[in-house]
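Chemist: Sequence and predicted model, in that order:
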Amino acid sequence: MSDRKKIIVTGGAGFIGSHLVRLMVNKYPHYEIINLDKLTYAGNLANLQDIESSTNYRFVKKDIVDFEDIKSFFLEEQPDGIIHLAAESHVDRSITDPLSFINTNLVGTANLLLAARDCWKEDYKGKLFYHVSTDEVFGSLDLGEETFFDEQTAYDPKSPYSASKAGSDHLVRAFHHTYGLPIVISNCSNNYGAYQFPEKLIPLFINNILQEKPLPVYGEGINVRDWLYVEDHASAIDTIFHKGTNGKTYAIGGHNEWRNIDLIKLLCELMDEKLERAPKSSEQLITYVTDRAGHDMRYAIDASFIEKELRWKPSIQFREGLSKTIDWYLSNKEWLASVTSGAYMKYYEDHYANR
Ligand code: NAD
Ligand code: TYD
């Protein structure tokens, strides 16, 4: 790739995408970073307020499901790289509304692949399609077993979300195999950090503790997730985009497994300290509720390949990352209030529509 790259990041207004866009805009002033996002309920341009005036950054409101629009945009822009994060991303929503996951995650990814293939016209020198995926494509591990997901693990998705992401991974590999499209894929574990929409476990529970609302623990709370600080995921994506090998997959994780209930108790303890509430007062909000349908038991990543091959490793320990995350939500109550009230939806109209 030439030194001056034009990169389209899809889903850049979401949780992980906004961290990645910020990292790239600040780290690579000579690149042009285009954030392509539909702004669904999960997209919030206020996440990028600090860099929205940067000269190497541009936002375009587009739906990846609209093939004609995406294709003509790619033909016009001639990007060097695509980093594809746009997706429907919440498992609970995929249980009640699987079709929108199939449309965005499968059809949307296919549209981007076709648009990249057609715009690059087999002249793939210096080009790369990076698909950001999840460890949930590998299904579920057993509790108490020393087994991990890695790059060789067979696909066995169990939720409509993970099945749609698995299908999109397969499409990306099929385009590499069939048309020679240069690709990389990464499958990452659960992320946490600033700007995460308060429907996922950690931000939802921070918000509920603040509001003294019940903390709905699914089932017995014994399911295990492997948590990674979002800025570490963004740095892994940056590393893979620049140093990864064409056609390869990278498993990304934090070597940081927590049973939900243990994580929730730690969160309660930290919140009590920070809010100067009596010890154990937040824990009293814990309410066991009916389990999620088809709830995967355990996710855990063996990230030794990316650590060895690309010398990437997580930089933040969980307790410190969780503490920083809580501090961010406590210092950004306006962000949280605008997201929970829906006011954030007006950010685009107020700040961008007349540009
Ligand atoms: P998110 O839900 O916070 O953001 C998704 C973004 O995609 C939003 O800005 C949304 O507006 C945009 N989008 C959705 N549909 C679109 C469409 N049709 N056209 C254009 N834009 C659209 O998601 P996230 O948590 O930041 O996850 C980003 C990516 O990383 C996803 O592909 C997800 O599968 C993957 N991932 C997430 C995690 C995690 O823990 N959150 C872990 C591993 C992988
Ligand atoms: P979530 O943040 O939805 O991520 P994922 O389903 O992609 O892992 O959930 C993390 C874990 O927390 C998962 O085991 C489900 C559980 N959970 C609850 O117990 N209660 C909740 O309200 C939510 C949202 C999740």
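Modeler: Everything's here; your move. Ligands and ions are numbered 1, 2, ... in the order given.
Chemist: Report how many residues lie close to the nearest residue to Tyr344 once chain neighbours are set aside.
Modeler: Leaving out its chain neighbours, the residue that sits closest to Tyr344 by C-beta to C-beta, 6 or more residues apart in numbering is Ser338, at 4.4 Å. Where C-beta positions appear, they are placed from N, C-alpha and C, glycine not excepted. By other C-beta atoms under 10 Å, 17 other residues sit near Ser338.
Chemist: same deal with Ala166?
Modeler: 23.
Chemist: residues touching it, list them.
Modeler: Residues near Ala166 by C-beta atoms under 8 Å, 6 or more residues apart in numbering: 137, 155, 157.
Chemist: Top of these by number of neighbours, please.
Modeler: Within the contacts of Ala166, neighbour counts (other C-beta under 10 Å) peak at Val137, which reaches 25 neighbours.
Chemist: Quick check: which element contains the closest residue to that one other than its chain neighbours?
Modeler: Excluding the flanking residues, the one nearest Val137 by C-beta to C-beta, 6+ apart is Ala166, at 4.1 Å. For Ala166, the element it lies in under DSSP states H and E is helix 160-179.
Chemist: so whichever helix or strand comes after that helix versus helix 160-179, what angle?
Modeler: Heading C-terminal from helix 160-179, the first helix or strand you meet, by DSSP H and E, is strand 183-188. Angle of strand 183-188 versus helix 160-179, following axes from the mean of the first three to the mean of the last three C-alpha atoms, to 10 degrees, is 160 degrees.
Chemist: outside of strand 183-188, which residues touch it?
Modeler: 128-135, 137-138, 149, 169, 172-173, 175-176, 228, 233, 236-237, 240-241, 244-253, 301, 306.
Chemist: same deal with stretch 50-62?
Modeler: Contacts of stretch 50-62 (C-beta under 8 Å, 6+ apart): 12-13, 21-22, 25-26, 28-39, 45, 48, 69-70, 73, 348, 351-352.
Chemist: switch to 7 Å and redo it
Modeler: 22, 25-26, 29, 31-39, 45, 69-70, 73, 348, 352 (C-beta atoms under 7 Å, 6 or more residues apart in numbering).
Chemist: same thing with stretch 132-139?
Modeler: If you take C-beta under 7 Å, 6+ apart as the criterion, stretch 132-139 is touched by 83-85, 149, 153, 155-159, 161-162, 165-166, 169, 185-189, 237, 251, 253, 296, 299, 301.
Chemist: Could you give me the PyMOL selection string for whichever of those are buried?
Modeler: Here is the PyMOL command that picks out the buried ones among the contacts of stretch 132-139, judged by 16 or more other C-beta atoms under 10 Å:
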select buried, resi 83+84+85+149+153+157+158+159+161+162+165+166+169+185+186+187+188+189+237+251+253+296+299+301
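Chemist: Keep only the contacts of stretch 132-139 that also lie close to ligand 1.
Modeler: Contacts with ligand 1 within these, counted by C-beta under 6 Å from any ligand atom: 85, 165, 188.
Chemist: Next one, pLDDT for the residue in the chain that ligand 1 sits nearest to please.
Modeler: Across the chain, no residue is closer to ligand 1 than Gly14, which sits at 2.0 Å (C-beta to the nearest ligand atom). Listed pLDDT for Gly14 reads 98.
Chemist: try Met1
Modeler: 44.
Chemist: any idea of the mean pLDDT for the helix or strand hosting Ala234?
Modeler: Using DSSP H and E, Ala234 sits within helix 230-243. Averaging the model's pLDDT scores along helix 230-243 yields 98.
Chemist: Kindly report the same for stretch 310-325.
Modeler: Rounded to a whole number, the mean pLDDT of stretch 310-325 is 98.
Chemist: what about the helices in the stretch 1-150 of the chain?
Modeler: Taking DSSP state H, counting those that start in this stretch as the criterion, the stretch 1-150 of the chain contains helices spanning 15-27, 67-77, 91-96, 98-101, 108-120.
Chemist: would you list the ones you listed in JSON lines and tack on mean neighbour count?
Modeler: Below are those laid out as JSON lines (neighbours: other C-beta atoms under 10 Å):
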{"stretch": "helix 15-27", "mean neighbour count": "23"}
{"stretch": "helix 67-77", "mean neighbour count": "16"}
{"stretch": "helix 91-96", "mean neighbour count": "16"}
{"stretch": "helix 98-101", "mean neighbour count": "17"}
{"stretch": "helix 108-120", "mean neighbour count": "22"}
